[in-house]
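Novice: I'd like to go over a predicted model; first the sequence, then the structure.
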Amino acid sequence: MINTAADNIVKDYEENIQFAKTNWKGTALGTRIDLGNIKLSKENEQYRVEIPVEFHNKQKRYNGFNDSEPIVETFEEYWLALTYNEKFKRWIIVDVKDYYALNKEFIEGNDVVKSEF
């Protein structure tokens, strides 16, 4: 269960996960987070941070015509927007946007944190 995202984000992902169970196969391999390109702001007494994140997966959508094709490695880049919830003392994901980079420097450098699953 997703518990660090806003209700609308959770609903979207839960619906997508239920649909994907029948069509998709794959596994999460890791993430890279670019701490050097974080944007922090405060609006209406609420902190907001935008973080560039790259998700590394092996995945494939099967539709009955491509069932023999192998799972492929993918890299997906997003801006995650989070706001701080004072009551629960945690950051909550409130928005996910595709990141279309003209250059790859946004996930490069000494400020990139990498995780592997």
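Specialist: That came in fine, so what should we check first?
Novice: if we go by neighbour counts, what in the worst-scoring helix or strand of the chain on mean pLDDT is buried?
Specialist: Lowest on mean pLDDT, DSSP states H and E among the helices and strands of the chain sits helix 7-23, with a mean of 74. Within helix 7-23, the residues that count as buried by 16 or more other C-beta atoms under 10 Å are 9-10. Heads up, the C-betas are built off the backbone N, CA and C, glycines and all.
Novice: what's the angle from the next helix or strand after that helix to helix 7-23?
Specialist: Using DSSP states H and E, the helix or strand that follows helix 7-23 towards the C-terminus is strand 24-34. Angle, strand 24-34 to helix 7-23, by axes from the mean of the first three to the mean of the last three C-alpha atoms, to 10 degrees: 140 degrees.
Novice: one step back: quick one: list the elements packing against the least confident helix or strand of the chain.
Specialist: If you count contacts as 3 or more C-beta pairs under 8 Å, 6 or more residues apart in numbering; DSSP states H and E, helix 7-23 packs onto strand 90-98.
Novice: give me the buried positions along the strand it packs on.
Specialist: Buried-residue list, strand 90-98, by 16+ other C-beta under 10 Å: 91-95.
Novice: that older thread, other residues contacting the least confident helix or strand of the chain?
Specialist: For helix 7-23, contacts defined as C-beta atoms under 8 Å, 6 or more residues apart in numbering pick out 2-3, 5, 61-63, 93-96.
Novice: centre of the chain versus the longest strand belonging to the chain, how much separation?
Specialist: For the chain, the longest strand by residue count, based on DSSP state E, is strand 46-61. Chain-centre distance of strand 46-61: 2 Å, with C-alpha atoms, centre = their mean, to the nearest Å.
Novice: give the pairing partners of that strand; include direction for each.
Specialist: strand 24-34 (antiparallel), strand 39-43 (antiparallel), strand 72-85 (antiparallel) (DSSP bridges).
Novice: for that strand, buried residues please.
Specialist: In strand 46-61, counting by 16+ other C-beta under 10 Å, buried: 48, 51-54, 56-57, 59-60.
Novice: got the residues you listed as JSON lines, with distance to residue 100 columns?
Specialist: Below are the buried residues of strand 46-61 laid out as JSON lines (distance: C-beta to C-beta, whole Å):
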{"residue": "48", "distance to residue 100": "21"}
{"residue": "51", "distance to residue 100": "16"}
{"residue": "52", "distance to residue 100": "12"}
{"residue": "53", "distance to residue 100": "14"}
{"residue": "54", "distance to residue 100": "13"}
{"residue": "56", "distance to residue 100": "18"}
{"residue": "57", "distance to residue 100": "18"}
{"residue": "59", "distance to residue 100": "20"}
{"residue": "60", "distance to residue 100": "23"}
